[in-house]
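> mind folding the following:
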Amino acid sequence: MDLLEAMHRRHAVRAYTDEPIDTPTCDDLRALIGRLETEGGIEMRLVTDEPDAFGNALLHYGMFRNVRNYVAIATDQTKDWERRCGYWGAHVLLRAVQLGLDTCWVGLSFSKHQAARHAAFDADDKVRFAIAVGHGVTHGKPSRSKTYGQVASVEGGIAVPTWFERGVEAALLAPSALNQQRFMFRLEADGRTVAADPGIGPYTRTDLGIAQYFFEVGAGGAPFVWR
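Predicted structure coming up:
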């Protein structure tokens, strides 16, 4: 399964079976996390067979069931931490899907204290998000999405390159808090600079980071630059 296929297959899954994640899959994810932490300046840990972080029903009002495996994401408050959590976490999210797992990006509905304890992060790092991973009871279903025209624009009347259209279409497949998709992508008049705006609202900077990675995958290695 390539990354484009993984993006189309990925849906938010909140109920999981008892089937464990096998050792080769865990090893693959941990190896990727080790590489990304250095590059992204964030901390991530794959935590397995751990029921505490998602075990308090008061936190999630029945939204999650039997989540025992997750990737905890932590940072300090250095510049751009919100977007970086989304961007680098999205790499792990899609890799988990490639490996045959179901996933859900989680911002609030888990115990960050328990996740920090089990992940054994440094004292300076605060848990921000988790990615639930495992074998879903179902594989989920597509969420309602905005259209290309609602999140994309082009300056100067230039012809829209295919890579930009494909990038935006891929970004629309990304998870977004409350399914808000408030990000905007604008192709500038030089035909290669893409301005990315998170919009206003909760978690919008993190949503943008996730969407930017999805955009890059959809753009297929096109020689564009972010602004």
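
> show me where this protein has helices.
Taking DSSP state H, the helices of the chain run over residues 3-9, 23-40, 57-60, 81-98, 112-119, 148-151, 162-171, 204-219.

> packing partners of the first one?
Here helix 3-9 touches helix 81-98, helix 204-219, going by 3 or more CB pairs under 8 Å, 6 or more residues apart in numbering; DSSP states H and E. C-betas here are computed from N, CA, C, even on glycine.

> hmm, residue 26 is touching residue 48, no?
Yes - shown here, residue 26 and residue 48 form a contact pair, counting by CB atoms under 8 Å, at 6.3 Å.

> by mean pLDDT, which helix or strand of this structure comes out lowest?
None of the helices or strands of the chain scores lower by mean pLDDT, DSSP states H and E than helix 57-60, at a mean of 52.

> residue ranges in the protein under the pLDDT threshold?
Where the chain drops to pLDDT under 70, the residues are 57-62.

> spatially central, which residue of it would that be?
residue 90 (3.4 Å; CA atoms, centre = their mean).

> dump the residue contacts of it.
By CB atoms under 8 Å, 6 or more residues apart in numbering, the contact set of residue 90 is 174, 209, 210, 213, 214.

> OK, contacts around the residue lying closest to residue 78 once chain neighbours are set aside?
In space, and not counting its chain neighbours, residue 78 is closest to residue 41: 7.1 Å by CB to CB, 6 or more residues apart in numbering. Counting by CB under 8 Å, 6+ apart, residue 41 touches 75, 78, 84.

> for residue 125, grab the count of nearby residues.
17 (other CB atoms under 10 Å).

> now residue 17
13.

> that one and residue 31: what is the separation?
According to CB to CB, to the nearest Å, residue 17 stands 25 Å off from residue 31.

> list the buried residues of the strand ranked longest in the chain.
In the chain, assigned by DSSP state E, the strand with the most residues is strand 126-134. Buried residues in strand 126-134, defined by neighbour count with 16 or more other CB atoms under 10 Å: 127, 128, 129, 130, 131, 132, 133, 134.
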